[in-house]
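Enquirer: Prediction below, plus the sequence it came from.
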Protein chains: 2
Amino acid sequence: MQKGDVLFRQNQTTSGLYRVVSGCVTLQRAGLGGETLTLHRAVSGGLFAEVSVFSATYHCDAICSEAGSVTKIAKADVVAAMQSNPAFSEGFTRLLAVQVQQYRAHIELLAISSAKERILAAVQAGYFNATVTELATRINLSHEACYRALRGLCDDGRMIRVGRGKYTLS
Amino acid sequence: MQKGDVLFRQNQTTSGLYRVVSGCVTLQRAGLGGETLTLHRAVSGGLFAEVSVFSATYHCDAICSEAGSVTKIAKADVVAAMQSNPAFSEGFTRLLAVQVQQYRAHIELLAISSAKERILAAVQAGYFNATVTELATRINLSHEACYRALRGLCDDGRMIRVGRGKYTLS
DNA sequence: GGATTCATATGATCTAGATCATAAAGGATC
DNA sequence: GATCCTTTATGATCTAGATCATATGAATCC
């Protein structure tokens, strides 16, 4: 799996869910204006497209954002395991429950009106793993506003610039 | 259950999930500035706080927004049913999967930058069930902007004002 | 029936972020 | 090493939405 590879596209028939062995996959959707919106980032050990088990089609695009490999788990296997193995079933359900909480937290984050505060919250929540541009697409800001807000947070002493495109909490 | 009643508050220890028999309950969280953010609206027949089964504390406030009644389902009962009844387990898991999809769709909706387009999408998605003010808290707009955008959509002929605070798609 | 409260509306103003433009640094490719 | 592309970064300008103010209608409550 190379950077830029498409694992599946929105509206394609679902075949199963995936586990990231190495590298990184982002789930994204194209907005009305064609701009990309990042919905999820799955890194090593993480699963993605869990919901596909209950859906006929995928609801977003899965694009490789960092070279690596993934393994696919067939829908039928998941369904079978859920019926025969209560522990698996509970684990899978718990996985979805965690996602619901994460999305709620994300919606709350998006409700923060100030760019600086929103970015600070995003960094604290561990969103800033890749580029500033990618962060911007996750939190509904233009990348310019993102750079400026990061600059502002550094000026405030609330964050520290540790290099080109690298910032940490102070 | 009367309007304004609190069923539970954020950070309270979870006891179980709820089914709305009649009336309406909204799940909301207080933003940083104290402004309310509506995360969910449960109406007759709907469940809410499903995620509490997997969480030690509630993550938002549940407030009655329309008088009626609810029944509580104890966490232990749900856990037991999930272990003994595969069909129940699958149904419950599906419920969470649907929520994940809904939240993703909501995040996509929030990424629409134009107030008019965002409101139109929200109305099409069936968000506009209560007041304009309540709609505003769900889609990260001030209520003034909401009224103006609704007015604009009527001027465009894309919506129709059918009464005070009542609008429908044309 | 008067007082209170909340939702609906709209007008005026202000500002934060979008947008457009530019430029340089770094990485990949040939 | 030259070229291309992406990311980083910042400046200038513009505008959509926030904010503040005001008024009215409808519901609730004594």
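Expert: On my side now, so go ahead.

Enquirer: Where does the record place the domain boundaries for chain A?
Expert: Chain A breaks down by automatic domain parsing into domains covering A:6-79, A:115-169.

Enquirer: Endpoints of the shortest one, how far apart?
Expert: This means domain A:115-169. End-to-end distance for domain A:115-169, by CA to CA, to the nearest Å: 16 Å.

Enquirer: which residues in chain A form helices?
Expert: A:75-84, A:86-110, A:115-124, A:132-138, A:143-156 (DSSP state H).

Enquirer: Can you find the residue of chain A that comes nearest to DNA strand D?
Expert: Minimum separation of chain A from DNA strand D (CB to the nearest atom of the strand) falls at A:Gly165, amounting to 3.0 Å. In short, each C-beta sits where N, CA and C put it, glycine included.

Enquirer: Please identify which of the helices of chain A is closest to A:Gly4.
Expert: helix A:132-138 (13.8 Å; CB to CB).

Enquirer: Just the buried positions in that closest one, please.
Expert: Judged by neighbour count (16 or more other CB atoms under 10 Å in any protein chain shown), helix A:132-138 contains these buried residues: A:Val132, A:Glu134, A:Leu135, A:Ala136, A:Thr137, A:Arg138.

Enquirer: And stretch A:70-87, by the same measure?
Expert: For stretch A:70-87, by 16+ other CB under 10 Å, it's A:Val70, A:Ile73, A:Lys75, A:Val78, A:Met82.

Enquirer: could the buried residues of helix A:132-138 be laid out in JSON lines, adding pLDDT and distance to A:Gly126?
Expert: Shown next, in JSON lines, are the buried residues of helix A:132-138 (pLDDT from 0 to 100; distance: CB to CB, whole Å):
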{"residue": "A:Val132", "pLDDT": "95", "distance to A:Gly126": "15"}
{"residue": "A:Glu134", "pLDDT": "92", "distance to A:Gly126": "14"}
{"residue": "A:Leu135", "pLDDT": "94", "distance to A:Gly126": "11"}
{"residue": "A:Ala136", "pLDDT": "95", "distance to A:Gly126": "16"}
{"residue": "A:Thr137", "pLDDT": "92", "distance to A:Gly126": "16"}
{"residue": "A:Arg138", "pLDDT": "93", "distance to A:Gly126": "11"}
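
Enquirer: Quick check: the residue nearest the centre of chain A vs chain B, distance?
Expert: Nearest to the geometric centre of chain A sits A:His40, at 1.7 Å (CA atoms, centre = their mean). Noted for A:His40: a distance of 8 Å to chain B, by CB to the nearest CB, to the nearest Å.

Enquirer: beta partners of that residue?
Expert: A:Leu27 (DSSP bridges).

Enquirer: contacting residues around it?
Expert: Counting by CB atoms under 8 Å, 6 or more residues apart in numbering or on different chains, A:His40 touches A:Thr26, A:Leu27, A:Phe48, A:Cys60.

Enquirer: returning to that earlier point: nearest to chain B, of the helices of chain A?
Expert: For chain B, the closest of the helices of chain A is helix A:86-110, at 3.7 Å, according to CB to the nearest CB.

Enquirer: helices or strands next to that closest one in the packing?
Expert: Where contact means 3 or more CB pairs under 8 Å, 6 or more residues apart in numbering or on different chains; DSSP states H and E, helix A:86-110 is packed against helix A:75-84, helix A:115-124, strand B:36-43, helix B:75-84, helix B:86-110.

Enquirer: weakest of the ones you listed in terms of mean pLDDT?
Expert: Among the helices and strands packed on helix A:86-110, strand B:36-43 has the lowest mean pLDDT, at a mean of 86.

Enquirer: CA atoms of that strand as CSV?
Expert: Taking C-alpha atoms only, strand B:36-43 is exported to CSV below (Å, rounded to 0.1, in the frame of the first residue of the first chain):
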residue,chain,number,x,y,z
THR,B,36,-25.3,24.9,25.1
LEU,B,37,-24.5,22.4,22.4
THR,B,38,-27.3,19.9,21.4
LEU,B,39,-25.8,16.5,20.6
HIS,B,40,-29.0,14.4,20.2
ARG,B,41,-32.7,14.6,20.4
ALA,B,42,-34.6,11.5,21.3
VAL,B,43,-38.3,11.3,20.6
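
Enquirer: Are it and DNA strand C in contact anywhere?
Expert: No - shown here: strand B:36-43 not in contact with DNA strand C (CB under 7 Å from any atom of the strand), separated by at least 10.4 Å.

Enquirer: list the buried ones in that strand?
Expert: By neighbour count with 16+ other CB under 10 Å, strand B:36-43 contains the buried residues B:Leu37, B:Thr38, B:Leu39, B:His40, B:Arg41, B:Ala42, B:Val43.
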